[in-house]
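Enquirer: Fold the following.
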Amino acid sequence: MTTTTAENSAESHVFEADVARLLHMMVHSVYSDKDVFLRELISNAADACEKLRYEAIATPALLANDPDSRILLTLDEEGNRLIVEDNGIGMSRDEMIEALGTIARSGTRAFMERVEANKQGEGAQLIGQFGVGFYSCFMVADRVDVVSRRAGAEDAWLWSSDGKGGYSIAPIDVSEAPARGTRITLHLMEDAKSYASRWSVERIVKEQSGHVPVPIRIAEKLGAEAVQLTDGSALWTKSKNDISSEEYTDFYRGISGQYDEPALTVHFRAEGRHEYSALAFVPGSQPFDLFDPDRKGRMKLYVKRVFITDEAELLPRYLRFVRGLVDTADLPLNVSREMIQESPILSAIRKGVTNRIITAIEKLAESDKDAFLKLWENFGSLIKEGIYEDFERRSQLMALSRFRTTVSGDGYRSLSDYVKDMKEGQQSIYYLAGNSLEQLNASPQLEGFRARGIEVLLLTDSVDSFWVTNAPEFEGKALKSITQGSADLAQFAKPEKDKEATDEKAPAEVQAFIDFAREKLADQVSDVRASDRLIESAVCLVAPEQGYDRQLEKILQGAGRLEAGAKPILEINGDHPVVKAIAARGDQPALRDDAAFLLLDQARVLDGDKPADPRAFAERLARLMEKALQ
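Expert: Numbering: from 1, shown residues only. Here you go, the predicted structure:
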């Protein structure tokens, strides 16, 4: 309760703009399932208890005479209130302002944009994904009071808000605060009165927070004796045979902050040189910050059931989408963060957990193709990062990967599928990298491969341009970009209809034009040559044999990591009607001059770029059109 002293010394603050906007959404009920607010508050309370247990390793006095963690839910049906209290670490004044007045985690703007774009369809699952769990209480409360006292502190603070624009914070007499920890009082809205009833609260706790590793108790009214709802037993210490899928899902939602179903659950106990338990989940949907460059893994480290840190690198970076924990007895409880990063024990655990997760994904690919492909669509681009980063498991990850190709249609193909169906005499796995399937399917560089029935991988993730340079072969077959070097297509026969429409060798006058263009464009291209990869288009650009392929060069230049790319090669289709017509005008040097530059700019446009000199391009095009219309 707010005392007279608190009222007289209360400081008023205005929420940050993003918080105010978010609260407006909460108050106006953008979520269909409001029950999630209680799960979020209980999850925060459990985290506070775990943080205290960790700090008490170095400072046992923080526990005082109350060593056992707990969460207490108090119902006040007469006053239309629900109170959530924990005896965890608590918060100081500055910590309350930071935790309750701002949104520390990134992604809030993305969250709000998604909600506004689809107000009907997203549901409660968005709350936990964006680190805004506390604010969900404003879906059911028109005022929220938070009283907190940090463990070991002699002062306590009251934070209060109606969720409309700001909040107040004031000191409060310690006699009205918990001995340590936090008490959150929700003054429930009229249409949320059921959250003060035992039946409603008990149902939510058992469905959504049954395996929080802190005991939860409930008191049916103020001053009543509390009874236990959950015992706080650690799910990961139990046998898999004793755990239902519903219990795994409940635990996953609590530890991950997401509201979906896990796509894969990996639970095991390792024994031998190092003993530890691991419980890991692959989410059923993408976390919002999946591609945040600063995002780290979300695996928690416990030592003998005491939470130590969620910053230990328990998995390689490319598995950062996995949520879960590892609990070991092989480390001391007072292990420092520096020791964690350098510990050979953690290195061994990291290797073991990584191997088990990848093996579980492989088994899913064999046993449930549809479930695996959904997982791949969500996280395949990250798994491919592993091909680039994890030499030890490179072959394993390549075999696991799936791709769109020129023959896959709407499905996916593995590299093993590709190698099995290769043409006789084919020594390379061909690929084309770009920004979208639509762009790649329209690429002129594909024409010769399609005409000969040669499959090409269509790679649209940014990481694709990098892993192919670090994985030079698969099952003895080299990976080769079709936008770099020679196409090596002469050995593969074209269909009869294409043979009749094309000549094997460029006619003399076409070769003369190619020689002319090579000399004329020498400042902009490294070579001009006849193409065996073009069927329908007149021209295309390819990269030299040495160096980067076209897409990787663009990525590096866009990131400022490459000042200037290598001069490309201009390939000309000697059988194209336009090229033949230009080549036949050997007596018109001005026209041939304009045509050479226009063909180069046409190749640039087909490659997704702009003409090098738009004004010169327009002038040349105008002159050519004028002659054509005479």
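Enquirer: tell me, how many neighbours does residue 598 end up with?
Expert: 21 (other C-beta atoms under 10 Å). Every residue, glycine included, has its C-beta placed from N, CA and C.
Enquirer: likewise residue 614?
Expert: Residues contacting residue 614 under the criterion other C-beta under 10 Å number 10.
Enquirer: Please apply the same query to residue 36.
Expert: 23.
Enquirer: and what of the one 4 residues further on?
Expert: Burial of residue 40 is recorded as 23 neighbouring residues (other C-beta under 10 Å).
Enquirer: Equivalent analysis for residue 51, please.
Expert: Quick note: residue 51 (other C-beta under 10 Å) scores 15 neighbours.
Enquirer: Find the helix or strand that it is a member of.
Expert: Taking DSSP states H and E as the criterion, residue 51 maps to helix 36-58.
Enquirer: average pLDDT for that helix?
Expert: For helix 36-58, the mean per-residue pLDDT is 89.
Enquirer: Flag the shaky bits of the stretch 251-400 of the chain, pLDDT-wise.
Expert: Filtered on pLDDT under 70, the stretch 251-400 of the chain yields the residue ranges 291-296, 334, 337.
Enquirer: make it 80
Expert: Applying pLDDT under 80 to the stretch 251-400 of the chain picks out residues 257, 288-297, 306-307, 333-339, 341.
Enquirer: Can you list the residue ranges for helices in it?
Expert: 337-342, 344-367, 369-389, 394-400 (DSSP state H, counting those that start in this stretch).
Enquirer: how about the second one: buried residues?
Expert: To tie it back to what came earlier, the one meant is helix 344-367. Within helix 344-367, the residues that count as buried by 16 or more other C-beta atoms under 10 Å are 345-346, 348-350, 352-354, 356-358, 360-361, 364-365.
Enquirer: in the sheet, who's paired with the residue nearest to residue 96 when sequence neighbours are not counted?
Expert: Leaving out its chain neighbours, the residue that sits closest to residue 96 by C-beta to C-beta, 6 or more residues apart in numbering is residue 159, at 4.9 Å. Per DSSP bridges, the residues bridged to residue 159 are residue 146, residue 169.
Enquirer: Against which helices or strands is the helix holding residue 51 packed?
Expert: Counting contacts by 3 or more C-beta pairs under 8 Å, 6 or more residues apart in numbering; DSSP states H and E, helix 36-58 is packed against strand 71-76, strand 81-86, helix 126-129, strand 181-188, helix 198-208, helix 245-256, strand 306-309.
Enquirer: quick one: average pLDDT of the third one?
Expert: Which is helix 126-129. Model confidence over helix 126-129, given as mean pLDDT, is 43.
Enquirer: just the fifth one next, same as before
Expert: Averaging the model's pLDDT scores along helix 198-208 yields 88.
Enquirer: what's the distance between that helix and the middle of its chain?
Expert: Offset of helix 198-208 from its chain centre (C-alpha atoms, centre = their mean, to the nearest Å): 32 Å.
Enquirer: Now do the same contact list for the residue nearest to residue 14 when sequence neighbours are not counted.
Expert: Using C-beta to C-beta, 6+ apart and skipping residues adjacent in sequence, the residue nearest residue 14 is residue 166, 4.4 Å away. Taking C-beta atoms under 8 Å, 6 or more residues apart in numbering, we find residue 166 in contact with 12-15.
Enquirer: Over to residue 416?
Expert: Here residue 416 is in contact with 399, 475 (C-beta under 8 Å, 6+ apart).
Enquirer: The residue most central in space within the chain and residue 354, how far apart?
Expert: The centre of the chain sits closest to residue 290, judged by C-alpha atoms, centre = their mean, with a distance of 1.9 Å. Distance, residue 290 to residue 354, using C-beta to C-beta, to the nearest Å: 18 Å.
Enquirer: So for residue 520, which of the helices and strands packed on helix 36-58 sits nearest?
Expert: helix 126-129 (56.7 Å; C-beta to C-beta).
Enquirer: circling back to that earlier point, burial of the residue nearest to residue 96, as a residue count?
Expert: Counted with other C-beta under 10 Å, the neighbours of residue 159 add up to 25.
Enquirer: for residue 494, same thing?
Expert: Neighbour tally, residue 494, other C-beta under 10 Å: 18.
Enquirer: per-residue confidence for the residue nearest to residue 96?
Expert: The model reports residue 159 with a pLDDT of 95.
Enquirer: ok, it - contacts?
Expert: With C-beta under 8 Å, 6+ apart, residue 159 has these contacts: 96, 100, 145-148, 167-169.
Enquirer: Name the member of the residues you listed with the most neighbours.
Expert: Among the contacts of residue 159, residue 148 has the most neighbours (other C-beta under 10 Å), with 29 neighbours.
Enquirer: In terms of helices and strands, where is that residue?
Expert: Secondary structure assignment for residue 148, by DSSP H and E: strand 141-149.
Enquirer: re the thing from before, mean neighbour count and distance to residue 478 added to the helices and strands packed on helix 36-58, as JSON lines?
Expert: As requested, the helices and strands packed on helix 36-58 are exported to JSON lines (neighbours: other C-beta atoms under 10 Å; distance: least, C-beta to C-beta, whole Å):
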{"stretch": "strand 71-76", "mean neighbour count": "22", "distance to residue 478": "59"}
{"stretch": "strand 81-86", "mean neighbour count": "23", "distance to residue 478": "59"}
{"stretch": "helix 126-129", "mean neighbour count": "24", "distance to residue 478": "41"}
{"stretch": "strand 181-188", "mean neighbour count": "23", "distance to residue 478": "60"}
{"stretch": "helix 198-208", "mean neighbour count": "16", "distance to residue 478": "52"}
{"stretch": "helix 245-256", "mean neighbour count": "20", "distance to residue 478": "40"}
{"stretch": "strand 306-309", "mean neighbour count": "18", "distance to residue 478": "43"}
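Enquirer: any chance of the ones you listed in JSON lines, plus distance to residue 541?
Expert: Shown next, in JSON lines, are these (distance: least, C-beta to C-beta, whole Å):
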{"stretch": "strand 71-76", "distance to residue 541": "64"}
{"stretch": "strand 81-86", "distance to residue 541": "63"}
{"stretch": "helix 126-129", "distance to residue 541": "42"}
{"stretch": "strand 181-188", "distance to residue 541": "62"}
{"stretch": "helix 198-208", "distance to residue 541": "56"}
{"stretch": "helix 245-256", "distance to residue 541": "46"}
{"stretch": "strand 306-309", "distance to residue 541": "50"}
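Enquirer: No more questions from me, cheers.
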